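Chemist: below are the sequence and a predicted model; questions follow.
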Amino acid sequence: MPNNISFYIFAVGVLATATAAMRLRNPVHCALAAAAAFAGLAVIYFQLDAEFISFAQLLIYVGAISILVIFAVLLTRGSDIQPGVELASPHWLTGLAIAVLVAFVIAVPVCSSSFGEKIAPKMTVAPVKLIGEELMTRYLFPLETMGLLLTVALIGAAVIALREPEESEIRNPKSEIRKQPTTEELVAEVQP
Amino acid sequence: MTPLSQYLFLSTLLFAIGFAGVVTRRNAVIVLVGIEFMLNAANLNFIAFWRYGVSGAAPTGIMAVMFSIAIAAAEAAVGLALIIAVYRHRKTTQLEKLDTLKG
Amino acid sequence: MTALAEPPVMHEAPPSGTIWRLAEDRSSFAGPTDDRAGGLPDHDLLEVALGPHHPSTHGVFRMDVVLDGEEVVRLKPVFGYLHRNHEKIAEKNSYLAAIPYTDRLDYICSMTNNWAYVMTVEKLTGFQPPERAEYIRVIVGELTRLFNHACLVGFLLQDMGALGTPLMYAFREREKILDLFESLSGARMMCNYMRFGGVRCDLPDGWIEEAKQVVAEFPRFLDEFEALLTGNEILLVRSQGIGVLSKELAVNAGVTGPMLRASGVGYDLRKVDKYSIYPRFNFRIPLGQHGDVFDRYMIRLLEMRESLSILKQALDTIPAGPIVDPKAKQRGLRPKAGEAYGRIEAPKGELGFYVVSDGSPNPYRFRIRPPSLINLTVLEDMCLGHTIADVVIILGSVDIVLGEVDR
Amino acid sequence: MNNLDQIFVYAKYWLLSQLPGGVQSLVSIVLDIIAIIAVFGTCFALTTILERKGLGRIQNRYGPNRVGPCGLLQPMADAIKMLTKEDIVPFAADKVVHYLAPLVLTVPIWLAFSVIPFGREMSAIDLDAGVLFFFAVGGASELAVFMAGWSSRNKYSLVGAMRAIAQMISYEVPLVLATIPVIMLSGSLNLNKIVEAQSGYAFGVAQWNVFTPWGFAGFFLFLIAATAESNRSPFDLPEGESEIIAGFLTEYSGFKYALFFLGEYLGLFAVTALSVTLFLGGWHAPLQVLEFLPSWFCFFVKFAAIIAVFIWVRGTVPRLRFDQLLNFSWRFLVPLTLVNLLVAVVWHFTSLGAGLDQSLRWLISAAMIVPAYVYFGRALSPNRPTRIYQYAE
Amino acid sequence: MLGSGIIKGMVETARNFFGSYVSRERLTTVQYPEQQLAPHENARTIPLLVYDGDMEHLRCTACGICEMECPAQCIYIVKDTVKKSDYLGRMQFQPRVFDIDISVCMACGICAEVCPFDSIMMDQVFALSTQNRFSGLLLHKEDLAKANGYFHAIHPSDAGDIDARRDEDKRKAEAKAKAAVAAKAAAAIKSSEASAKQVEVAA
């Protein structure tokens, strides 16, 4: 069962890299591990015959979001971590307990239900053409909304991240340095 | 083929890992990554249920995931922009230090 | 065609009654850059040492650059890595033995270095080079200017990232001139050719014809060069408006040579000093208006064409005769006590030698005014506010040779 | 379909038929992988030497000609040199990331070749969303470049990596936008179908996309974006050696450097192969009389021609500055690709039996794209009057 | 229009590309070990010491002028203790040690210029690399000494001039010597005559 084996390999990989992304000290390492986890998920989508989603996942999560995260880390100086600074929040133990509880709560019904074994996968795949047609007919309104949302997000992100002119900027000595002295300033006439 | 429950388990664990990250880490950027993991876990569920489901030829799961990915992209962009903007003011991305409303 | 408001004039000397001096407050020249906190924005600054073994610092030269993003907010040139103590060695050696060392100042143009030095000693001793020797000096000097400018443009484009194609074309032409120099003086680069009161040896048979052929073929190379580069949009956007050097700053900082003329100051020692036999030749001095990298590039191309015209005239009219002043003495020269400052328009600017004699066989004091070093002093002023990529081409357009900067 | 055309396909099937049924599918995959690695590995070796020789000739010199006949074994010598060099890792470097970066760059790029049809019936996998796959696997190269630059703990490396990422992101937009007209008009993301859509001959000349106005403009826009995407001159800023030494490669040596080098060239090959597929009719012969030529031969001739153009450009132009580079993408390429999209739409709808003849369609398209080109070109480089130089006598 | 300058440049590089296959002038490379250009007659690299006939007849008289004038001070001379007869028959010292450190020598040619005995001249060898950078680059008298024939081969016109001058000197010297001998003989005869006279007078 090569399919099964590869699923387990990638599942373990995804879980390992995701754990690493949440546990490593250096945020850049975290972002890189997260990128690996996203790529592993893309492979799992591909196994599930959702190739379009798989490529979209690669393109958006690995190609765009990871890069964004890395840029954010670098811009907030996240990568120069001082030794001795606590990484985890003060209530990390409580948080971890809740997380384990959540996992348990979800896992129990999954185990107890039997549909996992019963339902055989149907042998239909979604060709790109079909997805396109659906997008243009049934999901037209969500698509347009999504376009709007993305535009708003783009503009919003740009506006938020734009550097506001700070007070210190106004008396920025750099501009003084750059100022070219005028002829009058530079050439002083001295009568002997 | 791998049974559906395996995918659901994977999704559960991924969600839990993301959640744990969100509630235990201090760095806001990493918290955002955790949220992305949780979204991805949900996406995996959508795809798995679509693949094993009975919804006929309609690519419903795929559609949901597509919109989810788009939202995730928008969320990441805005979220990271916010973090950077906050960092400019407070010179920190440590979440517990960002507890006052005054800038 | 835009006409200038006033016609360009040659400045013989600064206007009378006026002392040109630097204004007191030159913040860009302000002290050492060590006090990083003072006067710089507090957000992320990147301090980069460009050099001393950076690919495009033309040798062992360092620029300590403070970057805001990719923008230069402070730049400190650091040199001295190639210091060879030339001036002190010359004070220990005889007058003659200093000549081969001058070859190694600006090792691209040894002929003009020789020329400046022997001219100084001639001033000190009163030797008068014969007519033919003066012609030979002018010819080799202008040939030197030709290939120096060609190579400079090649290096500049190399700094712009043109993968050496223009440089290789320039070197191809330079080889022809170097062949001429080799058959004349025995060496391609370290010519050691000029002597007090003349030149070392006469032109070999057929040299004039070969030189004429090189001069006749050179315009074709210039046309090729211009077709390849001058209209190139990338070169235009990279060089226009970059590294502007204002007329006033250029004059006040003592910048000379093509750099000064690119800033629009008509000052060329060949016209001003009228040394040697330059007044006999008909040539013009091209002037820039903007003083940016593109002007400095164009001025060099135009100067090459003027040099070609001088060369044509000189090669056609060179007389026969002796090549060295019969009164001149090379070995064991003991000039009367005194001092002399000799200067010529070297390809890079005003190259001056100041020699003091106390009547002994070696100079009492020996100083050089290297154009490369003095042109380099305005580097920071030209670079501020530009990006690191511009710094590299601004440095390239200054035309420095580290042998001359560090001596 | 002559035998020569399908010789590789037949060879593969013959080989598979010799094997027991159980391993056939696995061996088939392995054979495809070996074929791609062998062919493009050889291409890499040949390109490095031919590029150096070609650049040499452009610069009026011989180029490497010492190792082997005409210097053709130079890549072997280079490989031996690279492999035997000391692999230096800076003391302060992030060792794991530093080690992984070349792998992350090189491995996904091999994947991109799997969807390209190199000849009739000659693509490794026939993916429904082939174009999307191509761009998706390309996304990892940005991460790899960042990893290399960041892990080296060198200022030049970091600046180079930042430049590279900004450049790749900026040029991915026009690159994708330039492919969209092709996808729209052939109605598929499948590269095999796109090649099929360009089959057929009119007046003995092939009906490739490049012979349509939108295809013509799109081809050049695509090539420019591809040049930038693969960090080639004049867009080789990430490793602009005269400014930032070698950019993100500064701290790499030996085999890791060779891997980066390989990765860069493979990236170039991949986009070149894609441009051949999208615009130059893939493996179709250019003229009907040339149809007897094997399809893979046609493909690789076009491939080599485009690579030669890249080399030619590299030998000619200087490098852009970084802000100019980004401006060029956002202010020139992106608007033009959008106009080109419009041209493709117009082209598509005028063909729907509106009774317009071909020349009128061309005229309309040209009337849209040429003014846009002139306008955006002007806007890009503000009016620079021709400089007049005065002479002082 | 945008791009026209780049296209012009590309035409230029294409011309050079094809030109390098047809025009010798464009492809100026000399493939060094196989092809070598003959050096120009004036070309100079390191100094050499000319001898006439055999090694025992170096022209050098160990006068030390070159040692003094060398800008890089790379010449080291020790005079021999015995004098030998030179080509004019004069008794001259010869160098016992004549070393040139060519790792310091800058091939300026001043030594050759100042040498009053036409002894030190400039060689044209350029493949000077050795395994040992100290002893390998310190050339001794034996390494530097070259026959006049060799000098003729590399600098024919210079060597011709010098030989002509030396022959002239030699001829003059011989004539002078002859004249001196004759004068001496004459003087001897005279003196003998005179002495004879004196004898006579005395007698």
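Modeler: All right, it came through fine.
Chemist: which pLDDT value belongs to D:E264?
Modeler: On the pLDDT scale, D:E264 is placed at 88.
Chemist: roughly how far does it sit from chain C?
Modeler: Distance from D:E264 to chain C, counting by C-beta to the nearest C-beta, to the nearest Å: 15 Å. C-beta coordinates here come from the backbone N, C-alpha and C atoms, glycine included.
Chemist: ok, E:S119 next?
Modeler: From E:S119 to chain C the distance is 16 Å (C-beta to the nearest C-beta).
Chemist: how many neighbouring residues does C:Q289 have?
Modeler: Neighbourhood size, C:Q289 [other C-beta atoms under 10 Å in any protein chain shown]: 17.
Chemist: swap that for D:V89, sorry
Modeler: 18.
Chemist: got the contact list for it?
Modeler: Shown in contact with D:V89 (C-beta atoms under 8 Å, 6 or more residues apart in numbering or on different chains): D:K95, D:H98, D:Y99, D:E251.
Chemist: change it to 6 Å
Modeler: Contacts for D:V89 (C-beta atoms under 6 Å, 6 or more residues apart in numbering or on different chains) come out as D:K95, D:H98.
Chemist: mind checking the SS state of it?
Modeler: coil (DSSP: H, G, I helix; E, B strand; the rest coil).
Chemist: what helix or strand does E:G160 sit in?
Modeler: Using DSSP states H and E, E:G160 maps to helix E:156-202.
Chemist: that helix near chain C at all?
Modeler: No - interface with chain C: helix E:156-202 contributes nothing (C-beta under 6 Å from any C-beta of the partner chain), its closest point being 8.9 Å away.
Chemist: and that helix, what does it pack onto?
Modeler: Contacts defined by 3 or more C-beta pairs under 6 Å, 6 or more residues apart in numbering or on different chains; DSSP states H and E place helix E:156-202 against no helix or strand at all.
Chemist: swap the cut-off to 10 Å and go again
Modeler: strand E:120-122, helix E:148-154 (3 or more C-beta pairs under 10 Å, 6 or more residues apart in numbering or on different chains; DSSP states H and E).
Chemist: how far off centre is that helix?
Modeler: 31 Å (C-alpha atoms, centre = their mean, to the nearest Å).
Chemist: rewinding a little: mean pLDDT for the helices and strands packed on helix E:156-202: which is lowest?
Modeler: Among these, helix E:148-154 carries the lowest mean pLDDT (a mean of 85).
Chemist: any chance you could list what contacts that one?
Modeler: E:39, E:41, E:43-44, E:48-53, E:57, E:59, E:118, E:121-125, E:146-147, E:158-160, E:162-163, E:166 (C-beta atoms under 10 Å, 6 or more residues apart in numbering or on different chains).
Chemist: just the buried residues of the residues you listed.
Modeler: Neighbour counting with 16 or more other C-beta atoms under 10 Å in any protein chain shown marks E:39, E:43-44, E:48-51, E:57, E:59, E:118, E:121-124, E:146-147, E:158-159, E:162-163, E:166 as buried within the contacts of helix E:148-154.
Chemist: what about the closest residue to chain D within chain A, distance to A:A39?
Modeler: Closest contact between chain A and chain D, by C-beta to the nearest C-beta, is at A:G63 (2.6 Å). As judged by C-beta to C-beta, to the nearest Å, A:G63 and A:A39 stand 10 Å apart.
Chemist: which residues do these two both contact?
Modeler: Joint contacts of A:G63 and A:A39 (C-beta under 10 Å, 6+ apart) are A:Q57, D:A136, D:V137, D:G139, D:A140, D:L143.
Chemist: flag every residue of the stretch 151-300 of chain D that's near chain C.
Modeler: For the stretch 151-300 of chain D, the contact set with chain C under C-beta under 10 Å from any C-beta of the partner chain comprises D:155-156, D:158-159, D:162-163, D:233-237, D:240-246.
Chemist: sorry, back to before: report the contact partners of the residue of chain A closest to chain D.
Modeler: Counting by C-beta under 10 Å, 6+ apart, A:G63 has contacts A:35, A:38, A:57, D:135-143, D:168-169, D:172.
Chemist: isn't there a helix covering it?
Modeler: Yes - using three-state DSSP, the assignment for A:G63 is a helix.
Chemist: what pLDDT does it get?
Modeler: On the pLDDT scale, A:G63 gets 84.
Chemist: cool, and A:K129?
Modeler: pLDDT, A:K129: 82.
Chemist: same question, the one 4 residues further on
Modeler: Turning to A:E133, the model gives it a pLDDT of 85.
Chemist: can you check C:T112 too?
Modeler: So, for C:T112, pLDDT stands at 92.
Chemist: element containing it?
Modeler: Using DSSP H and E, C:T112 falls in helix C:110-125.
Chemist: is that helix positioned near chain E?
Modeler: No - for helix C:110-125, no contact with chain E is found by C-beta under 10 Å from any C-beta; the gap never falls below 10.6 Å.
Chemist: would you format the helices and strands packed on helix E:156-202 as a markdown table with distance to E:F17 included?
Modeler: Formatted as a markdown table, these follow (distance: least, C-beta to C-beta, whole Å):
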| stretch | distance to E:F17 |
| --- | --- |
| strand E:120-122 | 41 |
| helix E:148-154 | 39 |
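Chemist: deepest of the ones you listed, which one?
Modeler: Scoring these by mean neighbour count under mean count of other C-beta atoms under 10 Å in any protein chain shown gives strand E:120-122 as the most buried, with a mean of 24.
Chemist: pairing partners for that one, with directions?
Modeler: Using DSSP bridges, the strands paired with strand E:120-122 are strand E:47-51 (antiparallel).
Chemist: export the partner strand as CSV, just CAs?
Modeler: Written as CSV, here are the backbone C-alpha positions of strand E:47-51 (Å, rounded to 0.1, in the frame of the first residue of the first chain):
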residue,chain,number,x,y,z
PRO,E,47,69.3,42.5,-16.5
LEU,E,48,72.0,40.3,-18.0
LEU,E,49,75.8,40.5,-18.1
VAL,E,50,77.4,40.4,-21.4
TYR,E,51,80.7,38.5,-21.9
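Chemist: which of the residues of the stretch 151-300 of chain D next to chain C fall in strands?
Modeler: Assignment to strands by DSSP state E places none of those there.
Chemist: low-confidence bits of chain D, can you list those?
Modeler: D:1-2, D:241-242, D:352-356, D:382-383 (pLDDT under 70).
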